[in-house]
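Enquirer: below is the structure, and that's it, no one-letter string:
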């Protein structure tokens with residue numbers, strides 16, 4: 001007897017096969033004709049499989065007629081054509097085994113719509129809902145597409161450390177890693193914390209980015225990408241921020257900023273194209289239930305050439321737009337989501353790559369443009385903006401000149417001795433190189449139309465919340 005997923009059993013090619021399907025009951029409906037209909041789902045697809053259970057089954061009265069949402073079952077039987085709406089097959093049960101019961105008086109996920117906020121309280125059960133199941137299948141597809149894209153182009157997948165002593169962004173919003181007893185913190189003679197007695201013999205943190213370590217391998221192996229969890233200790237309770245999230249960061253030796261732009265554009269087009277091709281049922285669900293603009297906006301990403309606009313040009317466009325923005329626009333300030341959406345949705349009606357940002361608002365490692373006034377120094381940074389979302393990718397060409405990099409670090413108050421190994425890369429065979437970062441959860445939000453980033457990750461970590 002062959003085991004089939006619900007997805008496989010719903011395919012017309014399964015008709016006539018004797019199979020076993022296993023999953024969780026969504027609904028049960030009893031007929032006066034002496035049989036019951038069960039809707040069973042196993043997470044393999046959005047739709048349920050209809051099970052027809054006749055009254056002649058040995059456990060029909062004792063068990064089957066008592067099944068409710070959440071019960072787990074194995075169903076053996078023959079796949080038959082179905083006349084039911086929205087399905088081409090159904091399973092005529094010859095045996096139903098009940099593995100686990102779910103008391104309908106206690107099981108939270110009854111047949112009614114729960115708010116996404118409420119479902120976060122049941123993070124252990126919310127994967128059984130249509131919305132979270134669809135989100136996780138799309139998230140899985142995006143992850144697969146990320147790996148496929150880079151592997152097909154001969155990038156090496158590099159695992160960079162989660163525990164680090166360096167701050168890539170220079171922001172200081174990092175989680176400390178320590179084995180010191182907070183009740184008995186060792187002190188130096190000067191009264192400072194004696195980190196020499198800590199596990200690593202120095203302050204250590206959870207990484208905010210794998211970029212700096214990625215550069216080490218890119219400047220030896222050519223083309224690499226990292227893909228793993230990153231952490232930001234920002235006390236930010238917004239719909240776009242998490243304390244723990246996943247980041248993919250490619251880094252390519254000998255690539256300049258224009259090469260970086262082309263890589264980012266083809267990367268996004270590949271992800272979106274794959275989702276539209278392989279997740280059609282789930283994407284239709286998001287279009288109908290979450291955001292009815294999502295499919296059209298994704299098609300724009302696939303079909304349209306990404307427009308390129310310098311930061312200075314974008315400021316001029318915004319200043320002359322006549323729009324009333326909540327945040328004022330001026331050269332030297334960072335763009336806000338409202339500015340980014342105006343550029344993509346109203347001004348150019350296409351994805352946009354902004355480049356050459358003010359040096360003062362960007363990290364030390366971005367390559368400084370030459371021959372500029374000190375008041376308007378810019379770096380070879382880029383942000384990729386897409387309609388409906390705004391920034392989706394941030395990246396840059398890296399500073400490969402030792403003297404300029406050292407000066408930039410001094411300007412931002414960073415100690416050269418803490419980054420001696422990073423400076424060594426500029427001493428020994430330095431090359432132009434570029435890379436970017438894409439937050440996985442932001443990408444899932446962009447693709448699905450989900451409004452809150454807490455609903456596109458299995459277990460969100462936010463200020464004051466680390467449950468499950």
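Expert: The structure has been received and is ready for your questions. Just so it is clear, the structure is predicted and the values come from calculations on it, not from any experiment.

Enquirer: helices of the stretch 201-350 of the chain, start to end?
Expert: 211-221, 257-278, 280-289, 294-303, 311-319, 337-341 (DSSP state H, counting those that start in this stretch).

Enquirer: quick one: residue 357 and residue 311 touch, right?
Expert: Yes: the criterion here is Cβ atoms under 8 Å, and residue 357 meets it with residue 311 at 4.8 Å. To be clear about C-beta, it is placed using only N, CA and C from the backbone, and glycine gets the same treatment.

Enquirer: got any residues that touch both of the two?
Expert: residue 378 (Cβ atoms under 8 Å, 6 or more residues apart in numbering).

Enquirer: among the helices of the stretch 201-350 of the chain, which is nearest residue 104?
Expert: For the helices of the stretch 201-350 of the chain, the distance to residue 104 is smallest for helix 280-289, at 24.6 Å, taking Cβ to Cβ.

Enquirer: quick one: low-confidence ranges for the stretch 51-200 of the chain?
Expert: Applying pLDDT under 70 to the stretch 51-200 of the chain picks out residues 167-172.

Enquirer: can you give me the helices for it?
Expert: Under DSSP H, counting those that start in this stretch, the stretch 51-200 of the chain gives helices at 116-120, 130-152.

Enquirer: what comes into contact with the longest one?
Expert: In this case it means helix 130-152. Residues outside helix 130-152 that contact it (Cβ under 8 Å, 6+ apart): 41, 43, 45-46, 116, 119, 126-127, 157, 223, 225, 227, 248, 250, 266-267, 270-271, 274-275, 278-279, 282-283, 285-286, 289-290, 440, 443-444, 447-448, 450, 455-456, 458.

Enquirer: any idea which of the helices of the stretch 51-200 of the chain is most buried?
Expert: helix 130-152 (a mean of 19; mean count of other Cβ atoms under 10 Å).

Enquirer: run the chain-centre distance for that helix.
Expert: 9 Å (Cα atoms, centre = their mean, to the nearest Å).

Enquirer: and for stretch 194-212?
Expert: For stretch 194-212 - counting by Cα atoms, centre = their mean - the centre lies 26 Å from the chain centre.

Enquirer: straight-line length of that stretch, end to end?
Expert: 27 Å (Cα to Cα, to the nearest Å).

Enquirer: could you do stretch 149-158 as well?
Expert: Termini of stretch 149-158 sit 15 Å apart (Cα to Cα).

Enquirer: so how far is that stretch from its chain's centroid?
Expert: Chain-centre distance of stretch 149-158: 19 Å, with Cα atoms, centre = their mean.

Enquirer: check this protein for its longest strand and report it.
Expert: strand 18-31 (DSSP state E).

Enquirer: how about low-confidence regions in the stretch 251-400 of the chain?
Expert: Using pLDDT under 70, the stretch 251-400 of the chain drops low at 371-374.

Enquirer: swap in 90 and give it another go.
Expert: 370-376, 388-390 (pLDDT under 90).

Enquirer: sheet partners, orientation included, of the helix or strand harbouring residue 397?
Expert: Per DSSP states H and E: residue 397 is located in strand 390-397. Strand 390-397 has the following sheet partners, assigned by DSSP bridges: strand 378-386 (antiparallel), strand 433-439 (antiparallel).

Enquirer: want to throw the ones you listed into CSV with distance to residue 198 and mean neighbour count?
Expert: Below are the strands paired with strand 390-397 laid out as CSV (distance: least, Cβ to Cβ, whole Å; neighbours: other Cβ atoms under 10 Å):
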stretch, distance to residue 198, mean neighbour count
strand 378-386, 35, 25
strand 433-439, 29, 23
